[in-house]
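*Asks:* sequence first, then the predicted structure:
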Amino acid sequence: QSHFNKIKNYLAGFFKLRQFSNDLSPRALITKAELELQSGNLYNFLSLIKKLPNNWKEPIKDFINRFENSLLKINQKSG
């Protein structure tokens with residue numbers, strides 16, 4: 001399994017349900033983030049994950065911070 005599939009499956013499994021709608025509910029944000037991840041849009045993925053309510057982000061806050069730092073490092077190296 002690729003790294004992205006592992007992240008996607010972890011988030012989908014952790015939050016249980018997918019919601020395909022245009023609202024900003026946590027499940028809809030997770031579904032949108034998953035689709036962005038599948039498309040390789042890492043910055044959009046991160047942006048959506050960071051919009052989750054604090055109680056939803058708490059279990060994955062370390063992941064969010066590491067992922068954001070990794071993207072910053074990649075951006076600095078390429079820029």
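*Replies:* Okay, I see it.
*Asks:* for N5, give me the pLDDT.
*Replies:* pLDDT for N5: 71.
*Asks:* so how far is K73 from it?
*Replies:* Here the distance between N5 and K73 works out to 22 Å (Cβ to Cβ, to the nearest Å). (C-beta placed from N, C-alpha, C; glycine too.)
*Asks:* what of E36?
*Replies:* E36 is 20 Å from K73, by Cβ to Cβ.
*Asks:* more neighbours: those two, which one.
*Replies:* Neighbour totals were compared for E36 and K73, and E36 leads with 18 against 10 (other Cβ atoms under 10 Å).
*Asks:* mind giving me the packing neighbours of the longest helix along the chain?
*Replies:* Identified as the longest helix of the chain according to DSSP state H is helix 61-78. Under the contact criterion of 3 or more Cβ pairs under 8 Å, 6 or more residues apart in numbering; DSSP states H and E, helix 61-78 touches helix 42-50.
*Asks:* need the contact partners of the helix it packs on.
*Replies:* Identification of contacts with helix 42-50 by Cβ atoms under 8 Å, 6 or more residues apart in numbering yields L29, I30, K32, A33, E36, L37, K57, I60, I64, F67, E68, L71.
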